[in-house]
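> My questions are about this predicted structure, shown below with the sequence.
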Amino acid sequence: MRSLRQVVVTKHDGTLERFSLTKLTNCLATVMRGQAYDPRLASPLSKAVAMHLQEWRDPVPPSTNYLYRCVRCVLQQTGLSDVADELATHRQQRRWRRVRIRVVDPQRPAQEGELWCKARLVETLQNHYGLRYPVARFLAGRIENQVFALDYRVVSGAFLRELMRSEMLAWGLADEPARVGLCPASLSPLAAPPAKEDS
């Protein structure tokens, strides 16, 4: 496959993200494996979607919803409607999980907390640990999956900070929080990123 122009997509929260062929392939492979299909089929299907996105000429980047519709269309046109349906179910379940989880601050028990926001985790990993966006997003995805697996409706900011710290240590990205000059207790995954000082 020839080298492709980098495509940017607009996420649900309005932020922009580079389209990742690897991420789409892994997602499709997971769903196809669950439907007893050879997960290697995910690669050519993902490349077909990527080639279609190369034709996007609108100055406003395509949305993740548009990307999702493209994937479903490719699956249905190749006789994989059951995989398309499973993908829809998987997507709906993730949306439902995100809506039902609240992140609370034990210091403020009267407040009902904030809705789960993966983008805030990514921002925290970038701003406080200095991770590049792709790495921060990968780790945020792992943390999100851990929280989903627990099936909790309420989690604390302190719990999320510990999950972040554990992931950083597990991947060898930090020995101890002191290495990056931060105290974990001061980090809030839901806080707005700190203003950068002018140098």
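Nice, I can see it.
> what number of residues lie near A174?
Close neighbours of A174, defined as other C-beta atoms under 10 Å, add up to 19. Heads up, the C-betas are built off the backbone N, CA and C, glycines and all.
> I'd like to know how far it sits from E123.
Distance, A174 to E123, using C-beta to C-beta, to the nearest Å: 17 Å.
> Could you do L67 as well?
If you go by C-beta to C-beta, the gap between L67 and E123 works out to 22 Å.
> and what of L115?
15 Å.
> Looking at these two, which one has more neighbours?
The residue with more neighbours, out of L115 and E123, is E123; 20 against 13, by other C-beta under 10 Å.
> give me the element that one is part of.
helix 118-129 (DSSP states H and E).
> What is that helix packed up against?
helix 133-150, helix 157-170 (3 or more C-beta pairs under 8 Å, 6 or more residues apart in numbering; DSSP states H and E).
> I'd like these as a markdown table, with mean pLDDT appended.
Converted to a markdown table, those look like this (pLDDT from 0 to 100):
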| stretch | mean pLDDT |
| --- | --- |
| helix 133-150 | 90 |
| helix 157-170 | 91 |
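> A174 contacts M168, correct?
Yes - counting by C-beta atoms under 8 Å, A174 touches M168, with 4.2 Å between them.
> anything in contact with each of these two?
Common contacts of A174 and M168 (C-beta atoms under 8 Å, 6 or more residues apart in numbering): Y129.
> out of all of them, which helix in this structure is the longest?
Criterion DSSP state H: the longest helix present in the chain is helix 81-100.
> packing partners for it?
helix 21-34, helix 64-77.
> Following element in sequence after the first one, please.
Past helix 21-34, further along toward the C-terminus, the next helix or strand under DSSP H and E is helix 42-53.
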